[in-house]
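J.: how would this look folded up:
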Amino acid sequence: EFKAPVFDLPKDAIITAEIERWEKTSLTELLGHHKNFVNQNVFGLLADRFTQKSLLDELNLSTSPWCLLKDKNQWNDLFQTVGEKIVVKRRTGGYDGRGLWIISDENKADLTDDLFGEVIAEKFITFDYEVSIVGARFKNGEKRFYPVTHNLQQNGILRYSVVDIAFSQQSAQQKQAEAMLGKIMDKLSYVGIMAMECFVVGDKLLINELAPRVHNSGHWTQLGCSISQFELHLRALLDLPTPELQTFAPSVMVNLIGTNHNPKWLNTPFAQLHWYGKEVRAGRKVGHINLSHPNKAVIIQQLEKLRSELPEDYQSGLNWAIEKLK
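T.: This next block holds a predicted model:
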């Protein structure tokens with residue numbers, strides 16, 4: 001059995017986390033309950049979809065109609081009052097399409113008895129498209145926000161993110177997203193990076209999920225912004241002087257999922273490959289490619305180059321990303 005070392009952190013050291021779920025070991029127990037763990041209470045609150053959704057309701061922020069699914073006797077009422085199609089999600093632990101079910105009257109028996117009480121039920125939203133916003137809050141309440149990012153999910157996993165600064169930074173959608181995420185961070189007295197994923201329905205944003213950490217859809221900031229989300233997170237936590245964010249070019253992030261490393265990716269101009277060094281297996285995020293250039297035609301040219309270097313299941317997403325840039 002693993003035993004955590006006995007140690008004292010320096011007085012001014014801080015603890016943060018890159019994900020709100022972690023294996024329970026002696027070390028994670030020690031670090032997760034340490035007084036120097038910033039945002040300690042927020043992680044548990046947002047990792048549980050029940051308490052996360054309850055927070056959104058408390059703040060009067062738009063999200064899909066939902067409830068805690070306690071037992072099978074709720075089905076008929078849900079189908080009548082919420083809709084014929086219901087999205088069921090695990091309260092904790094489900095991500096990247098796991099722990100999620102699309103339920104209608106025909107397949108409601110697919111949800112086993114042990115799941116009741118451990119899941120929430122949401123209305124299935126027919127949305128126009130999906131976006132996210134990543135922002136940071138400092139100890140004094142000051143905030144920084146990146147432009148709204150357009151995202152393409154496939155099988156519940158983010159495949160592509162596109163940022164076009166020409167329409168993002170001054171739009172009504174940008175202001176709406178900043179106000180919503182800012183309200184959440186202020187309520188929680190949060191310090192550091194937080195991400196908010198939304199469905200877009202007409203001119204309205206519906207919050208899908210929150211993540212109290214650096215986020216997959218913010219990886220493009222490593223190449224397309226003056227300060228990356230990783231650096232901004234640390235600047236906020238350490239309360240360092242931080243200039244306004246300068247996003248100087250359109251950007252695309254291509255998520256590499258369950259595919260082997262291809263050396264040809266490294267020969268892509270105006271691109272940056274991040275390879276995680278993980279064992280490659282189906283559905284696993286193993287890396288990402290950032291592309292950024294002031295001329296969108298150049299990004300499109302590089303995406304066309306990648307077309308022959310990526311598997312077949314990337315092709316429709318490439319078409320989507322290229323269309324977003326036109």
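
J.: CA atoms for contacts and neighbours, from now on please.
T.: Fine.

J.: so what's Ala177 closest to, chain neighbours aside?
T.: Among residues not flanking Ala177 along the chain, Ile133 sits closest, at 6.8 Å (Cα to Cα, 6 or more residues apart in numbering).

J.: tally of neighbours for the one you found?
T.: Neighbour count for Ile133, taken as other Cα atoms under 10 Å: 24.

J.: so Arg159 touches Leu318, yeah?
T.: No - the criterion here is Cα atoms under 8 Å, and Arg159 misses it with Leu318 at 9.4 Å.

J.: shouldn't Met185 be within a helix?
T.: Yes - assessed by DSSP: H, G, I helix; E, B strand; the rest coil, Met185 belongs to a helix.

J.: which strand residues bridge the residue nearest to Ala177?
T.: Assessed by DSSP bridges, Ile133 has beta-bridge partners Met196.

J.: check contacts around the closest residue in space to Trp101 that isn't next to it in sequence.
T.: Of all residues not flanking Trp101 in the chain, Val88 sits nearest, at 5.1 Å (Cα to Cα, 6+ apart). Listed by Cα atoms under 8 Å, 6 or more residues apart in numbering, the contact set of Val88 reads 100-103, 119-122.

J.: what about Val88, distance to Asn255?
T.: Note on Val88: its distance to Asn255, by Cα to Cα, to the nearest Å, is 26 Å.

J.: do Val131 as well
T.: Distance, Val131 to Asn255, by Cα to Cα: 16 Å.

J.: how are the helices of this structure distributed by residue range?
T.: Remark: helices assigned in the chain by DSSP state H are 26-32, 40-47, 49-58, 75-81, 165-168, 172-187, 221-224, 229-237, 296-307, 315-325.

J.: shaky segments in the protein?
T.: 1-7, 95-97, 167-170 (pLDDT under 70).

J.: can you map out the strands along it?
T.: For the chain, strands defined by DSSP state E occupy the ranges 66-69, 86-90, 100-103, 119-123, 129-137, 143-145, 149-154, 157-163, 192-201, 204-211, 251-257, 271-275, 285-292.

J.: partners of the residue nearest to Trp101 in the sheet?
T.: The partner residues for Val88, given DSSP bridges, come to Trp101, Ala121.

J.: swap in His150?
T.: Applying DSSP bridges to His150 gives these bridge partners: Val131, Val162.

J.: gap between it and Trp75?
T.: Counting by Cα to Cα, the gap from His150 to Trp75 is 34 Å.

J.: how about Ile165?
T.: Using Cα to Cα, one obtains 44 Å as the distance from Ile165 to Trp75.

J.: repeat for Leu152
T.: For Leu152 relative to Trp75 (Cα to Cα), the value is 31 Å.

J.: now do Thr242
T.: Distance of Thr242 to Trp75, computed by Cα to Cα: 50 Å.

J.: burial count for Gly141?
T.: Neighbour tally, Gly141, other Cα under 10 Å: 13.

J.: now it: closest residue in space that isn't a chain neighbour?
T.: Using Cα to Cα, 6+ apart, the nearest residue to Gly141 is Asp186, at 7.0 Å.

J.: what's around that neighbour, how many residues?
T.: 15.

J.: what of Leu291?
T.: 26.

J.: against Ile86, how distant is it?
T.: 37 Å.

J.: related to what we said a few turns ago, between the helices of the chain, which one is nearest to Ile193?
T.: Proximity to Ile193 (Cα to Cα) singles out helix 229-237 among the helices of the chain, at 5.0 Å.

J.: residues touching the most centrally placed residue in the chain, list them.
T.: Nearest to the mean C-alpha position of the chain, counting by Cα atoms, centre = their mean, stands His215 at 4.8 Å. Residues counted as contacts of His215 (Cα under 8 Å, 6+ apart) are 134, 194-195.

J.: compare His150 and Trp75 (neighbour count), which wins?
T.: Neighbour comparison, His150 and Trp75: the larger count goes to His150, with 22 against 17 (by other Cα under 10 Å).

J.: pretty sure the more buried one contacts Leu158?
T.: No - His150 lies out of contact with Leu158 (Cα under 8 Å); the separation is 10.6 Å.

J.: touching, Gln302 and Thr268? I think so.
T.: Yes - between Gln302 and Thr268 there is a contact at 6.6 Å, judged by Cα under 8 Å.

J.: separation between His288 and His219?
T.: In terms of Cα to Cα, His288 sits 8 Å off from His219.

J.: need the overlap of contacts for these two.
T.: Met253.

J.: between those two, who's got more neighbours?
T.: His219 (23 against 20).

J.: and stretch 158-175, how far out from the chain's middle?
T.: Distance of stretch 158-175 from the chain centroid (Cα atoms, centre = their mean, to the nearest Å) equals 15 Å.

J.: quick one: contacts of that stretch?
T.: Under the criterion Cα under 8 Å, 6+ apart, residues 96, 147-153, 203, 205, 216-217, 220, 247-257, 317, 321, 324-325 lie in contact with stretch 158-175.

J.: which parts of that stretch are buried?
T.: With burial defined by 16 or more other Cα atoms under 10 Å, the residues of stretch 158-175 counted as buried are 158-165, 168-169, 173-174.
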